[in-house]
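Peer 1: quick one: sequence plus predicted model below, questions after.
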Amino acid sequence: QVQLVESGGGLVQAGGSLRLSCAASGRTLSSYTMGWFRQAPGKERESVAVMTRSGSSTYYPNSVKGRFAISRDNAKNTMYLQMNSLKPEDTAVYYCAARDGPFGVEWSQYDYWGQGTQVTVSS
């Protein structure tokens, strides 16, 4: 199985950028469908970016499309989430997750989770 550790969260002003990292150990990220999820207080966990095992396909919900980008460095066994043009409504705990199966966007479909990293966007 894989272990995941996120980093890169913090406080940023609206319109700013952050890059989150998800370092994996135990197995290679290319063995999994990989996703980034977020959960704001009182809200359900939602996907913000998903990448297939091959890395050839990605998914973004409309709320972040054009602003967020998921990527993967196989040599470092690390996944990234570049977040641009951040908005206060992007404030949440962000998680990376791995799914030992085909493409999926629901958090319940994922098998392995990092501990989460807080992103706070001030207005």
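Peer 2: Thanks, I have it.
Peer 1: mind listing what the residue nearest to the spatial centre of the chain touches?
Peer 2: Taking C-alpha atoms, centre = their mean as the criterion, Trp36 is the residue nearest the geometric centre of the chain, at 2.1 Å. By C-beta atoms under 8 Å, 6 or more residues apart in numbering, the contact set of Trp36 is 20, 22, 47-50, 68, 70, 79, 81, 94-97. From N, CA and C alone the C-beta is placed, and that goes for glycine too.
Peer 1: so where is the chain shaky, pLDDT-wise?
Peer 2: For the chain, no stretch has pLDDT under 70.
Peer 1: do a quick rundown of the strands in it.
Peer 2: 3-7, 10-13, 18-25, 33-39, 46-51, 58-59, 68-73, 78-83, 92-99, 112-113, 117-122 (DSSP state E).
Peer 1: list the buried ones in the second one?
Peer 2: Residues of strand 10-13 classed as buried: Val12 (neighbour count, 16 or more other C-beta atoms under 10 Å).
Peer 1: ok, that strand: who's next to it in the sheet?
Peer 2: strand 117-122 (parallel) (DSSP bridges).
Peer 1: residues in contact with the partner strand: which ones?
Peer 2: 6-14, 16, 18, 20, 38, 83, 86-95.
Peer 1: burial count for Arg72?
Peer 2: 18 (other C-beta atoms under 10 Å).
Peer 1: would you indicate which residues of stretch 39-54 are buried?
Peer 2: By neighbour count on 16+ other C-beta under 10 Å, the buried set for stretch 39-54 is 45-51, 53.
Peer 1: how about the closest residue in space to Ala69 that isn't next to it in sequence, what does it touch?
Peer 2: With C-beta to C-beta, 6 or more residues apart in numbering as the criterion, Ala69 has its nearest non-adjacent residue at 4.5 Å, and that residue is Gln82. Applying C-beta under 8 Å, 6+ apart to Gln82 gives the contacts 17, 19, 68-69, 71.
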